[in-house]
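In: Predicted coordinates and the sequence they were generated for:
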Amino acid sequence: MIIEGILNIVTGLLYFVLDLLPNIPDLPQELTGAITTVLDLIFNNVGLLDLFLPLNIVKIIIPLWLVVDNFDKIYSIAFWIIKKIPMLGIEK
C-alpha cells in the first residue's frame, strides 16, 4: 500500500513534467523514407552475412563474448548477493 502510493506520486510527477514539455514535431517524410530504405537494405540482406559467419556460430559467440566481457561486473553482483545471506558468514 505504501509502495503503491509512492509509485502513484512518482507517476503523477512524471506526467506533470512531461506535460510541461512541448509536443515534438513529426520527422520530415524524406528523412523517414531514407531511414526506412537503409533499414530495409540491411535487414533484407542478412542472408549475405551467413556466407562469412554461420548464424549458429553467431548465436553462440555473442552471448559468450558478453559474459566474458562483463565477468567482473557479474562476479561483483554475485558476490554482493552472497554476502547478503547471513547464514553463510561471508564478509569481505
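Out: Nice, thanks for sending it over.

In: Only C-alpha atoms from now on, for both contacts and neighbour counts.
Out: Noted.

In: and residue 51, helix, strand or coil?
Out: helix (DSSP: H, G, I helix; E, B strand; the rest coil).

In: helices and strands of the protein: which one bottoms out on pLDDT?
Out: Every helix and strand of the chain was ranked by mean pLDDT, DSSP states H and E. The lowest is helix 46-52, at a mean of 74.

In: on contacts alone, who are the packing partners of it?
Out: Helices and strands touching helix 46-52, by 3 or more C-alpha pairs under 8 Å, 6 or more residues apart in numbering; DSSP states H and E: there are none.

In: Distance of the most centrally placed residue in the chain relative to residue 22?
Out: The centre of the chain sits closest to residue 66, judged by C-alpha atoms, centre = their mean, with a distance of 13.1 Å. Per C-alpha to C-alpha, to the nearest Å, residue 66 is found 39 Å from residue 22.

In: and if you look at residue 46?
Out: Distance of residue 46 to residue 22, computed by C-alpha to C-alpha: 39 Å.

In: quick one, which of the two is more surrounded?
Out: The residue with more neighbours, out of residue 46 and residue 22, is residue 46; 11 against 7, by other C-alpha atoms under 10 Å.
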